[in-house]
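# Provided below for reference: sequence and predicted model.
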Amino acid sequence: MEKINVAIVGVGSCASALIQGVEYYNRNSSEIGLTYHSIGGYEPKDISFVIGFDIDKRKVNKNLTTAIYSAPNCNMEVISPSENFSCISSSSKVYRGPTFDGFPDHMKKFDDSITFVESDVEPISQKEYCDLLITNRVDVLLNYLPVGSEEGSKFYIENALKSGINVVNCMPSYISTEEMKRLEILAIKHNTTIVGNDMRSAFGASRLSEILQGTMMDSGLKVTQHIQMNMAAGSTQGEEGVINGRTANTDFLNMHDESRLHNKKISKENVLNGQVKARNSSSDGMTLFAGPSLTVIQKPGGEYKSTDNKVCNIDIVAYGFSGAKYELTCRLSVQDSPNSGGVVIDAIRFCKVAREMKIVGFLRGPSAWTQKTPPLDMKTSDAKFECDALSRREYTSITNRQIEGSIDINNLTYSSHSSHSEYF
């Protein structure tokens with residue numbers, strides 16, 4: 001197979017975990033942590049990271065091999081920084097992208113070791129950005145910008161699509177139905193694919209919430225309350241012996257300002273609402289709440305140490321046979337960044353395979369499987385069915401309607417997603 005060339009916007013902990021993970025599978029025969037070893041014939045070894053974009057002076061103008069280990073990244077170390085990476089192009093470079101709304105004022109008040117440090121290098125222009133994508137023969141663009149970076153997402157995603165580049169949108173932008181339709185029309189016009197929006201981890205809070213609520217509903221239960229709370233707590237794997245307090249990673253710190261949370265909160269609650277919609281049921285009167293984050297910050301005076309460990313607490317109340325009450329409480333602790341790598345490594349390959357099959361627009365199955373706010377909500381089993389079919393290069397009733405040159409834009413399927421302030 002030819003290489004799948006990948007560009008990364010935002011070379012943070014998630015990007016670092018993904019790249020180290022791809023290198024890990026290149027060196028090891030283990031399939032633990034992979035949903036698919038092969039997607040349409042493409043294996044992890046077929047992914048090549050060729051270019052990056054960031055604003056941090058510790059990463060700009062550096063090779064990706066160096067940038068992924070630079071502060072404030074705090075994900076677990078899988079591959080030693082001194083080793084060579086077969087999955088990173090030797091000519092890879094991190095370019096200084098425009099800041100736009102990617103560096104909120106409150107982030108500038110934290111210690112440099114745990115926040116961004118803006119580079120004074122002149123940002124690339126729109127033309128330079130598009131030229132770099134084309135020159136580096138990029139197949140897939142990953143958007144890892146901080147939550148709330150709406151202007152930045154528009155710049156990177158829409159210009160990539162116009163340049164004929166497929167996109168995996170890992171953040172909560174384009175989450176309303178109207179925004180998705182507009183973006184999909186752009187993708188169809190330029191014969192590209194999209195997986196989005198807002199990455200969910202392979203087995204994190206969103207996946208667990210979806211499975212628990214869906215299973216209860218499929219068993220005939222009426223779920224009346226589903227509350228999901230998330231926080232940064234504990235140590236990054238491999239650093240358990242370091243006696244020190246911990247501060248949340250940049251993802252949590254970024255969302256410390258509630259003005260950055262609007263779309264994130266909606267996107268997380270879309271996971272809970274989505275399982276209701278997928279069953280043609282109603283959420284009227286239900287208590288559905290997903291708290292995006294509880295951000296923890298160390299007291300000043302000591303050594304700042306970020307953590308990539310995330311803890312989720314879920315409480316569900318439901319009623320079943322003859323009105324009998326059910327109460328479910330659970331706690332899940334995970335390494336946040338590697339957990340997301342497990343779905344992104346699939347999303348990259350789904351984009352490439354779908355494009356080779358002449359499928360364009362939003363990939364509904366892979367989006368429902370890997371993202372919190374997909375264009376079409378699906379039951380977990382239905383999303384997996386679509387992904388399984390695409391991994392075998394087989395068309396379904398959904399993808400048959402998305403063949404290049406024969407798409408009826410008015411016949412594309414969407415769930416009704418809202419981005420209004422009614423959630424607050």
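Right, received. Where do you want to start? Numbering: from 1, shown residues only.
# show me where pLDDT drops low in the stretch 301-424 of the chain?
Along the stretch 301-424 of the chain, segments meeting pLDDT under 70 span 418-424.
# residue ranges for the strands of this protein, please.
Using DSSP state E, the strands of the chain run over 4-9, 47-54, 94-96, 140-143, 166-169, 193-195, 222-232, 247-248, 287-294, 306-307, 309-319, 325-335, 361-362.
# could I get those as a markdown table with mean neighbour count and distance to His256?
Every residue, glycine included, has its C-beta placed from N, CA and C. As requested, these are exported to a markdown table (neighbours: other Cβ atoms under 10 Å; distance: least, Cβ to Cβ, whole Å):
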| stretch | mean neighbour count | distance to His256 |
| --- | --- | --- |
| strand 4-9 | 25 | 22 |
| strand 47-54 | 25 | 21 |
| strand 94-96 | 21 | 25 |
| strand 140-143 | 26 | 21 |
| strand 166-169 | 29 | 23 |
| strand 193-195 | 29 | 28 |
| strand 222-232 | 19 | 11 |
| strand 247-248 | 26 | 8 |
| strand 287-294 | 20 | 8 |
| strand 306-307 | 24 | 13 |
| strand 309-319 | 19 | 15 |
| strand 325-335 | 14 | 21 |
| strand 361-362 | 28 | 31 |
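# between these, which one is nearest to His262?
Closest approach to His262 among the strands of the chain is made by strand 287-294 (9.8 Å; Cβ to Cβ).
# Pull the residues that contact that closest one.
With contact meaning Cβ atoms under 8 Å, 6 or more residues apart in numbering, strand 287-294 is reached by 147, 205, 209, 224-232, 248, 251-252, 255-256, 261, 264-265, 268-269, 271-273, 317.
# and if you look at stretch 95-104?
Residues contacting stretch 95-104 (Cβ under 8 Å, 6+ apart): 9-10, 51-55, 60-61, 116, 118-119, 121-124, 129, 132, 145-146, 148-152, 155-156, 254, 257, 259-260.
# related to what we said a few turns ago, with distance to Met107 as extra columns, can I get the strands of the chain in JSON lines?
As requested, the strands of the chain are exported to JSON lines (distance: least, Cβ to Cβ, whole Å):
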{"stretch": "strand 4-9", "distance to Met107": "17"}
{"stretch": "strand 47-54", "distance to Met107": "14"}
{"stretch": "strand 94-96", "distance to Met107": "18"}
{"stretch": "strand 140-143", "distance to Met107": "19"}
{"stretch": "strand 166-169", "distance to Met107": "22"}
{"stretch": "strand 193-195", "distance to Met107": "28"}
{"stretch": "strand 222-232", "distance to Met107": "15"}
{"stretch": "strand 247-248", "distance to Met107": "12"}
{"stretch": "strand 287-294", "distance to Met107": "14"}
{"stretch": "strand 306-307", "distance to Met107": "13"}
{"stretch": "strand 309-319", "distance to Met107": "19"}
{"stretch": "strand 325-335", "distance to Met107": "23"}
{"stretch": "strand 361-362", "distance to Met107": "31"}
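# and of these, who's closest to Asn26?
With Cβ to Cβ as the criterion, Asn26 lies closest to strand 47-54 of the strands of the chain, at 8.9 Å.
# the inter-axis angle of that closest one versus strand 4-9?
20 degrees (axes from the mean of the first three to the mean of the last three Cα atoms, to 10 degrees).
# so Val9 touches Val140, yeah?
No: at 11.4 Å, Val9 and Val140 do not qualify as touching, with contact defined as Cβ atoms under 8 Å.
# Which of the contacts of stretch 95-104 fall in helices?
Here DSSP state H is the test, and those give 129, 132, 150-152, 155-156, 254 as lying in helices.
# Not counting residues beside it along the chain, what's closest to Arg207?
Closest residue to Arg207 apart from its sequence neighbours, by Cβ to Cβ, 6 or more residues apart in numbering: Arg200 at 6.0 Å.
# Isn't the one you found up against Val343?
Yes: counting by Cβ under 8 Å, Arg200 does reach Val343; the two are 6.6 Å apart.
# okay, now the domains of the chain?
4-201+338-410, 205-336 (automatic domain parsing).
# any chance of the ones you listed in CSV, with distance to Ser416 too?
Converted to CSV, the domains of the chain look like this (distance: least, Cβ to Cβ, whole Å):
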stretch, distance to Ser416
domain 4-201+338-410, 6
domain 205-336, 8
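# winner for burial among the ones you listed?
Counting by mean count of other Cβ atoms under 10 Å, domain 4-201+338-410 has the highest mean neighbour count of the domains of the chain, with a mean of 20.
# The nearest residue to His37 once chain neighbours are set aside and Asp408: what is the separation?
Among residues not flanking His37 along the chain, Glu31 sits closest, at 5.0 Å (Cβ to Cβ, 6+ apart). Distance, Glu31 to Asp408, using Cβ to Cβ, to the nearest Å: 39 Å.
# which residues sit in contact with Tyr24?
78-79.
# got a list of what the nearest residue to Arg260 once chain neighbours are set aside touches?
Nearest residue to Arg260, sequence neighbours excluded (Cβ to Cβ, 6+ apart): Gly148, at 3.5 Å. Applying Cβ under 8 Å, 6+ apart to Gly148 gives the contacts 101, 104, 254-255, 259-264.
# And Val195, by the same measure?
167-169, 347, 350-351, 362-363, 366-367, 370-371.
# Phe385 now?
365, 396.
# Return the distance of it relative to Gly40.
Going from Phe385 to Gly40 by Cβ to Cβ gives 16 Å.
# Lys154 too?
Distance from Lys154 to Gly40, by Cβ to Cβ: 30 Å.
# Could you do Ser206 as well?
Ser206 is 26 Å from Gly40, by Cβ to Cβ.
# Gln228 now?
For Gln228, the distance to Gly40 equals 34 Å [Cβ to Cβ].
# Kindly report the same for Ile124.
From Ile124 across to Gly40, the span is 32 Å (Cβ to Cβ).
# Asn63 now?
Separation of Asn63 from Gly40 (Cβ to Cβ) stands at 30 Å.
# and if you look at Phe350?
Plainly put, Phe350 is 8 Å away from Gly40 if you go by Cβ to Cβ.
# Need the overlap of contacts for the two.
Taking Cβ under 8 Å, 6+ apart as the criterion, Phe350 and Gly40 both touch 390-391.
# which residues of the stretch 301-424 of the chain fall in helices?
336-356, 364-370, 380-391 (DSSP state H, counting those that start in this stretch).
# Spatially, what comes nearest to Glu184 if we skip its sequence neighbours?
Closest residue to Glu184 apart from its sequence neighbours, by Cβ to Cβ, 6+ apart: Gly361 at 4.8 Å.
# what is that neighbour paired to in the beta sheet?
Note on Gly361: beta-bridge partners by DSSP bridges are Thr193.
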